[in-house]
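S.K.: Here is a sequence with its predicted model. Questions after.
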Amino acid sequence: MLTKENKLNMFSTAYRIRRLEEKICEVYGKQEIKTPVHLYIGEEAIATGVSQNLVKEDLIFSTHRSHGHYLAKGGNLKNMVAEFYGKENGCAGGKGGSMHLIDVEAGIPGSTAIVGGGIPIATGAALALQLKGTDKVAVAYFGDGAADEGVLQESMNFAGLKNLPIIFVCENNFYATNSFQMKRHADDNIYKRGECYKVPGELVDGNDVEAVYHTAKKAIERARRGEGPSLIEAKTYRWKGHVGPDEDTNLGHRTNEELEGWKQRCPIKLYREKLFKEGVLDEGSYQNLKREIDNEVEEAFEFAYKSNDVPMENMYKHLF
Amino acid sequence: MLTKENKLNMFSTAYRIRRLEEKICEVYGKQEIKTPVHLYIGEEAIATGVSQNLVKEDLIFSTHRSHGHYLAKGGNLKNMVAEFYGKENGCAGGKGGSMHLIDVEAGIPGSTAIVGGGIPIATGAALALQLKGTDKVAVAYFGDGAADEGVLQESMNFAGLKNLPIIFVCENNFYATNSFQMKRHADDNIYKRGECYKVPGELVDGNDVEAVYHTAKKAIERARRGEGPSLIEAKTYRWKGHVGPDEDTNLGHRTNEELEGWKQRCPIKLYREKLFKEGVLDEGSYQNLKREIDNEVEEAFEFAYKSNDVPMENMYKHLF
Amino acid sequence: MPWTKILAENNKLIDTDIDGDKKAGREITYREALLEAQDQLLANDSKVFVYGEGVDDAGSIFGSTKGLHEKYGIKRVFDTPLSESALTGVAVGAALAGMRPILVHMRMDFLLLTLDQIINHAAIWHYSFSGQIKVPVIIRCIVGRGWGSGPQHSQSLEALLYHVPGLRVYMPATPYDAKGLMMEAVKDGHPTIFIEHRWLYDKKGQVPEAPYSVEKGKGRVVVEGSDVTIVATSLMVHESATAVKKLAEEGIKAELIDLRTIKPLDEDIILKSVAKTGKLVVTDYGWHTGGVASSISCMVSEKGFSSLRKPVKRVTCPDIPTPTAHNLEAAYYPSADDVANAVRELCS
Amino acid sequence: MPWTKILAENNKLIDTDIDGDKKAGREITYREALLEAQDQLLANDSKVFVYGEGVDDAGSIFGSTKGLHEKYGIKRVFDTPLSESALTGVAVGAALAGMRPILVHMRMDFLLLTLDQIINHAAIWHYSFSGQIKVPVIIRCIVGRGWGSGPQHSQSLEALLYHVPGLRVYMPATPYDAKGLMMEAVKDGHPTIFIEHRWLYDKKGQVPEAPYSVEKGKGRVVVEGSDVTIVATSLMVHESATAVKKLAEEGIKAELIDLRTIKPLDEDIILKSVAKTGKLVVTDYGWHTGGVASSISCMVSEKGFSSLRKPVKRVTCPDIPTPTAHNLEAAYYPSADDVANAVRELCS
Ligand SMILES: Cc1ncc(C[n+]2csc(CCOP(=O)(O)OP(=O)(O)O)c2C)c(N)n1
Ligand SMILES: Cc1ncc(C[n+]2csc(CCOP(=O)(O)OP(=O)(O)O)c2C)c(N)n1
Ligand SMILES: [Mg+2]
Ligand SMILES: [Mg+2]
């Protein structure tokens, strides 16, 4: 059962991600963040619901669209924003940019911008966790585009074969860049694609924080008990274009109606309404929480902004 | 309905493959065939049954274990054996060896020894056949080992998406080199692995010539009608070790009992008995047919043996 | 992908007067030249088809495939799943079955998923089957740069392909060559890695409207000079041209050679120039160690040993993955200044 | 895979007195040295595990992993599906989570399926995350040769990896180095491509039983000489040793250097030798164009320009895929004679 604290924590997480992304949109036009940004707005429920089940020692592996996964898992907000600005105290020391976030302490050993690339890496991490005899799990986040890559099936087969403690979390936002899912997939059934490798799958509403939480909980507990891997397909939608702060319904591959429909199902709005209804949150506590997080985000941007540029001599450091 | 002629043709094909392989075993110890040989003994029903449905303009793509596919499709026997001997008039001009057979006229545009490598190539050929508006099909032969490679799923998804005229034929002989299928697969269900990509699958007894014929017929006719790809898993067994003329039941990964059990189910013996029972073949006609094919194979080896070595100047020819 | 609408740093780099060698009475961009080549190939040869992630969307590979799917239909110009490995095999198979596929990757880095099909298959097929069949595949790929593209979206991996027998590697620097070499690749009919640079897309130049091809393996003397030879490809031709201008003001007459294709490589044009100048700077966009520049340097040291009066100098990226911080990124890439400095050292 | 039981042509090639530099009072084969290294690593470090197609079968990677699965259990030594790409990612992920995986490929050619994980991931990780995390992965792979191995089972692709920052590339020529460099790779903790040659497996040599490591980036003068320098790796060290013997009979004193690791490369040992001899032959097993030999040649021409009295010579495979016919195959590979001829030309 979710406690009030759990629920508030999830709401805060989702809202923190949203606020971060909105802030990026606000400042991106200044061209001071000189790195591509792949925004998570609209998809916050997924990382939020999954991570509520995770502890620090669990490991997550993310993609080009990693801000939400990172924050939800407890990645350091200040260092992350500093990374966007290419600063010395960015989480990757300024050498990774927005697509390469890391927080070793928080169980985020790095993300990759090669689509599908993180899937076998997460699988290997799960193997390590198993070999070490822990009850910790690995999570591979990836998109519907990454589901096109054969390395997913190779990884699921291996995970099924070895009964690895891994959760494959596919965030199906229907698009890979501008390419609609059904232009790339013979059928609409990502969550079923693990069945033949003993990776049971579940489809979940990716805009419903608690639905994701419960689906992930089942999979994660299963993995902790040594019962093997699972695949979760969370259907959701990204509001912004593939990259950058703009909406792109003018480009022809998706309609404004489609976007507006999904905005009605904003995961944050839905959850806020639910928590209001349940009495977990009221207008006062909501405003307090917002204010706190807004400040936190502002501070992170200030921190980043004031941080030092990466010293030029770092260029040749860290190769080995 | 299979005519008597069809049946005799299939029996001859299967027997020709067998005889070729036996002859290789006879002479291999002389060390004059200086190329690895991956023998097909025990698996002949598959290529035989599939190819009976194919015409010259259909294209097949094969693997390291390609002798049977090649002969069944109408590849030139003499040039094939000459290729084993590395001779000038080998089907690949002596530059390919046993794993790289080609007969462009017969619809065999080359085989590859990279496991799984031929699968997307066959898929591309199917795309070409579709783009050209023909009713011809492509066949991808591969083993249970190749089923481990993610390129299979990528190819099936693409074939399902584009409704390509391709038959994926998996010859499941339970081993990849010495590795048992269930040491590599999370589950025993290769034929089901295309379902989620709209590639319907069928499991067939790979030691039963006519069963393979009928299963392949359905898939190939479907493809010719423009109804898309199919996957066939044919369970079978190779009598010899992974490579070379020896049986390898002394090595520990498989038992003599297992091998002997499968020998009882020799595809040639089974089919001969069936044809005897049906009156399609009698002892006299069987002996005639054998003699003819035995001679054909002998001649091919003589031809190969007497052929010229590859001229040294060919070394630098044919790069472009 | 277009990281941002705001990326414009490139304009100053390609603001050179380097152009194709034919006057055509018509200027178009590198992007338009690529588009026109594919358009004409599709129009004139029913065996040609174009495919890859995003060829039919609004971005349409930075504009280089714009409108083709509407003109030729989605059977011949189509978007694909993110299955780079299989789709490369698809190109090989379609080619073996008589088609002339053009496969497009938005970034060269993604080729790393496909080298089994390129090296183990496409490259060996013609030779290993003693010339009985050809593999007329063109693989277009674009080298990215800037705005924090980072270690996985900016690699210039031509050295990996340069080493492999059976491949062609083209690296056009001008709109003229972009069109002409694309035509050449289809005519030639052997597997060709066609490397474009993202920052050249806005470069304008003279391009004839009618189809033509540029002969492979023939470099071009872009600027004549007698003091030192500079050998370059792709964007580095422009950086080098800027360097040549500066050097001229200092009284150094540098000869600039655009290789156009590195495989086949025009050894003669390099050796002839070095015979005249006795000094050589080779510049490319790959990493320093084991790159194409080092291979060319080696070739000249072997075949032009007696001409060389100074050791060859290389101007390349350093041996590190591409960093993303803006200041590091700026320092990472070889520039006109780096080329000029290398020349100055040789001529001092 | 062992193409045939009858393959024995290799024995004459490795019948040289080249050996490690330590006397150990014990001779074992290259195969046994590899096995012993992995055995001791598994015994001494619970983070090490060994996996790959066939590590636990009767062949057990040509004997180099024999019995390990019985000794350490199938959790730590295991066979795998044929999913090279994913399994390379698995190595990266396991390493990031604190393990020290050793992944084995029977043939180097199969690495081509995995370069996305090696180059886009393993190689960049430590640098791109500013040194916060390491990727201690060892990828063993074996270069095949002979008996019609052909274009897909014989490639020596070290040049592709040599070019990539963030990788180590080791190429042991002796049992001593096979063991010592494997130990070094695990100690070092960065992604290492460990290239073995199939024909070296029967080579015997002195190998201490106790664990030891051989320092990376340190070549070794195998034979001292003053007339010409020969730089080699792996099997070519033995071919070169045979050449050196013949040359000695002709009065030519060649110095033979075994690089042991090419990345890092021991530039000093080469330059020092060339400073003495003024002449250099570099030999490797890759293709001629753009190979490691050309890169080393370039390096020497840059840094040892004034020492070089003749152009550097390279002895490599020709620029064609490996043919299978026995006569062509025999002619394809660089031999002791080729090395000797290159030296003779330099010394004439
Ligand atoms: C192997 C590879 N191919 C192509 C790309 C270019 N690319 C970057 S993100 C992306 C779309 C990915 O879509 P999806 O996996 O659905 O994730 P989303 O962006 O929707 O979150 C593409 C094609 C890449 N980075 N890597
Ligand atoms: C990509 C790749 N990995 C490994 C190998 C080595 N190898 C050659 S054949 C083979 C086994 C293939 O098994 P399967 O696909 O079942 O075919 P079978 O030999 O049983 O007919 C292996 C592992 C290879 N050639 N290519
Ligand atoms: Mg998506
Ligand atoms: Mg098999």
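M.R.: Ah, there it is. Ligands and ions are numbered 1, 2, ... in the order given.
S.K.: Would you state the helices of the stretch 51-200 of chain A in chain order?
M.R.: A:67-72, A:77-84, A:118-131, A:151-162 (DSSP state H, counting those that start in this stretch).
S.K.: In terms of secondary structure, what does the third one contact?
M.R.: Here helix A:118-131 is seen to pack against strand A:59-61, strand A:138-143, helix A:151-162, strand A:166-172, helix D:84-96 when contacts are counted using 3 or more C-beta pairs under 8 Å, 6 or more residues apart in numbering or on different chains; DSSP states H and E. No exception for glycine: its C-beta is placed from N, CA and C like everyone else's.
S.K.: Name the residues of the longest one that are buried.
M.R.: In terms of neighbour count (16 or more other C-beta atoms under 10 Å in any protein chain shown), helix D:84-96 has its buried residues at D:84-96.
S.K.: The residues you listed: which ones sit near chain B?
M.R.: D:84-86 (C-beta under 8 Å from any C-beta of the partner chain).
S.K.: Find the centremost residue of the chain, please.
M.R.: Because you didn't say which chain, this covers chain A. Nearest residue to the geometric centre of chain A (C-alpha atoms, centre = their mean): residue A:69, 2.8 Å.
S.K.: Look up how far ligand 4 lies from that one.
M.R.: Computed with C-beta to the ion, to the nearest Å, the distance linking residue A:69 and ligand 4 is 39 Å.
S.K.: one step back: what's the closest of the helices and strands packed on helix A:118-131 to ligand 3?
M.R.: strand A:138-143 (3.6 Å; C-beta to the ion).
S.K.: so what secondary structure elements neighbour the closest one?
M.R.: Checking 3+ C-beta pairs under 8 Å, 6+ apart, strand A:138-143 ends up next to helix A:44-51, strand A:59-61, helix A:118-131, strand A:166-172.
S.K.: hey, where'd the helices end up in the stretch 201-348 of chain C?
M.R.: C:235-249, C:267-277, C:292-303, C:326-332, C:336-347.
S.K.: about what we covered before: how about a markdown table for the helices of the stretch 51-200 of chain A, with distance to ligand 1 added?
M.R.: Output for those, formatted as a markdown table (distance: least, C-beta to the nearest ligand atom, whole Å):
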| stretch | distance to ligand 1 |
| --- | --- |
| helix A:67-72 | 10 |
| helix A:77-84 | 18 |
| helix A:118-131 | 10 |
| helix A:151-162 | 9 |
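S.K.: will you turn the ones you listed into a markdown table that also has mean pLDDT?
M.R.: Below are the helices of the stretch 51-200 of chain A laid out as a markdown table (pLDDT from 0 to 100):
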| stretch | mean pLDDT |
| --- | --- |
| helix A:67-72 | 98 |
| helix A:77-84 | 98 |
| helix A:118-131 | 98 |
| helix A:151-162 | 98 |
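S.K.: Reformat the ones you listed as JSON lines; add distance to residue D:141.
M.R.: JSON lines is the format used below for the helices of the stretch 51-200 of chain A (distance: least, C-beta to C-beta, whole Å):
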{"stretch": "helix A:67-72", "distance to residue D:141": "34"}
{"stretch": "helix A:77-84", "distance to residue D:141": "35"}
{"stretch": "helix A:118-131", "distance to residue D:141": "18"}
{"stretch": "helix A:151-162", "distance to residue D:141": "19"}
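S.K.: of these, which approaches ligand 2 most closely?
M.R.: Smallest distance to ligand 2 across the helices of the stretch 51-200 of chain A (C-beta to the nearest ligand atom): 11.7 Å, for helix A:151-162.
S.K.: For the stretch 151-300 of chain C, give me the ranges with low pLDDT.
M.R.: Within the stretch 151-300 of chain C, no stretch has pLDDT under 70.
S.K.: Around chain B, which positions in it sit nearby?
M.R.: C:165-166, C:188, C:190.
S.K.: before we move on, the earlier item: and the nearest residue in space to the residue nearest to the centre of chain A that is not next to it in sequence, how far from ligand 3?
M.R.: The shortest distance from residue A:69 to any non-neighbouring residue, by C-beta to C-beta, 6 or more residues apart in numbering or on different chains, is to residue A:62 (4.1 Å). The gap separating residue A:62 from ligand 3 is 14 Å, by C-beta to the ion.
S.K.: got the contact list for residue A:62?
M.R.: Counting by C-beta atoms under 8 Å, 6 or more residues apart in numbering or on different chains, residue A:62 touches A:69-70, A:101, A:108, A:111-112, A:118, A:141.
S.K.: Of the residues you listed, which is the most crowded?
M.R.: Counting neighbours by other C-beta atoms under 10 Å in any protein chain shown, residue A:118 leads the contacts of residue A:62 with 31 neighbours.
S.K.: I figured it was touching residue A:143, is that so?
M.R.: No. The criterion here is C-beta atoms under 8 Å, and residue A:118 misses it with residue A:143 at 10.7 Å.
S.K.: check contacts around residue A:311.
M.R.: residue A:88.
S.K.: Just say helix, strand or coil for residue C:142.
M.R.: strand (DSSP: H, G, I helix; E, B strand; the rest coil).
S.K.: Any idea what it is bridged to?
M.R.: residue C:196 (DSSP bridges).
S.K.: so it touches residue C:110, yeah?
M.R.: No. Residue C:142 is beyond contact range of residue C:110, at 9.8 Å (criterion: C-beta under 8 Å).
S.K.: Count the residues that sit near residue A:57.
M.R.: So residue A:57, with other C-beta under 10 Å, has 12 neighbours.
S.K.: With residue C:265 instead?
M.R.: Residues near residue C:265, counting by other C-beta under 10 Å, number 22.
S.K.: can you check residue A:203 too?
M.R.: By other C-beta under 10 Å, 17 other residues sit near residue A:203.
S.K.: Could you look up the SS state of the residue of the stretch 201-320 of chain A found nearest chain D?
M.R.: Minimum separation of the stretch 201-320 of chain A from chain D (C-beta to the nearest C-beta) falls at residue A:318, amounting to 3.6 Å. Of the three states, residue A:318 takes coil under three-state DSSP.
S.K.: and the lengthiest strand in chain C, which strands flank it?
M.R.: Across chain C, the longest stretch assigned as strand under DSSP state E is strand C:280-287. Strands that pair with strand C:280-287, judged by DSSP bridges, come out as strand C:228-232 (parallel), strand C:313-317 (parallel).
S.K.: Redo those as JSON lines? Include mean neighbour count.
M.R.: Shown next, in JSON lines, are those (neighbours: other C-beta atoms under 10 Å in any protein chain shown):
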{"stretch": "strand C:228-232", "mean neighbour count": "30"}
{"stretch": "strand C:313-317", "mean neighbour count": "23"}
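S.K.: Fine, thanks again, bye for now.
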